[in-house]
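Novice: 3D, please:
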Amino acid sequence: MKELERYYKVLGLDHGASLDEINQAYKDLVFIWHPDRIPKDNQRLLEKATAKLQEINQAREQLRQIHQNSPKRSNSAPKTETQPAHAYKTASPYQPHPSQPGQNSQTHSQQTHSQQTHSQHSHSQNNHQVHNQGTWRPHYRDLNGADLQGANLKEKDLSSRSLIGADLSHADLSDSFLHKVNLEKANLYKANLFRANLLEANLKGANLQEANLIGADLSGADLSGADLRGAKIGFGKRIMVKLTRAILTGTILPDGSIHQ
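Specialist: Model prediction:
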């Protein structure tokens, strides 16, 4: 029982929290302790973040197992929660793991025809689960020129995706993972990037006019030639956007001036 209480405490939850609350707390804490948010030259903090992430992963998985084994689960919990989409790696910088079609090939070759059909059905369900959870990622890595106007991409993971020239105007990208995403010349007019993780993102020539960038982390991002006219970056004189080591050559700033 003490161990169970510890798991809830790690996620900052009260005993008996729902599965939705567990998943939400997990995502919030991963966002805070994401290794890529820690300066690479600060080994002490990197080690602390790694250990913390391991603790968070363990707490979530243990509590998920309890919910999965609960007799009430079949009637109250959504089917999309039958198994985790993926856990965040802690031994190295964050790298999500989409499902691998070939991981069950040995078992597949030993099954009967009816079992194969069942396996294919299960695989389809798993893909559906990933799509409906907060850690969903588009099926295709290359989304160049995609029309995502007004899309709800809140908390989605688009890390390392290529969205060159994509139309994301008015899209909701709040709290999304956009680490090393390629948004060169993308249209992000009035997009909501509140607290978005844009570490080392490529935003060369991107249209960020009137975009909400409050709380966004643009550390190491390349904003060369990007247009930020009218973008929300804080309140009054207080800037609330992280721009550590960001490249701003030729960037049109929110006030209309060009950064030299």
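
Novice: I'd guessed I22 sits against L13; true?
Specialist: Yes: under the criterion of Cβ atoms under 8 Å, I22 makes contact with L13 at 6.7 Å. Quick note: C-beta positions are derived from backbone N, CA and C, even for glycine.

Novice: any idea how far E55 lies from W33?
Specialist: As for E55, its distance to W33 is 9 Å (criterion: Cβ to Cβ, to the nearest Å).

Novice: sorry, that was for G236
Specialist: Plainly put, G236 is 30 Å away from W33 if you go by Cβ to Cβ.

Novice: ok, back up a step: of E55 and W33, give the one with the bigger neighbour count.
Specialist: W33 (20 against 17; other Cβ atoms under 10 Å).

Novice: so what pLDDT did the more buried one get?
Specialist: W33 carries a pLDDT score of 81 in this model.

Novice: what does N144 give?
Specialist: For N144, pLDDT reads 92.

Novice: who's in contact with it?
Specialist: N144 sits next to 162-166 when contact means Cβ atoms under 8 Å, 6 or more residues apart in numbering.

Novice: hang on, it in a helix?
Specialist: No: secondary structure of N144 (DSSP: H, G, I helix; E, B strand; the rest coil): coil, not part of a helix.

Novice: adjust the sequence numbering to begin at 229 for everything that follows.
Specialist: All set: I'll call the first residue 229, so the last point we hit is now N372.

Novice: which residue is the nearest non-sequential neighbour of it?
Specialist: Once flanking residues are discounted, N372 sits nearest to I392: 4.4 Å by Cβ to Cβ, 6 or more residues apart in numbering.

Novice: show me what contacts the one you found?
Specialist: Applying Cβ under 8 Å, 6+ apart, one finds that I392 lies in contact with 372-373, 410-414.

Novice: would you list these in a markdown table and tack on distance to Q271?
Specialist: Shown next, in a markdown table, are the contacts of I392 (distance: Cβ to Cβ, whole Å):
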| residue | distance to Q271 |
| --- | --- |
| N372 | 37 |
| G373 | 41 |
| N410 | 29 |
| L411 | 31 |
| E412 | 33 |
| K413 | 37 |
| A414 | 35 |
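
Novice: just the buried residues of those residues.
Specialist: Buried members of those, counted by 16 or more other Cβ atoms under 10 Å: 410-414.
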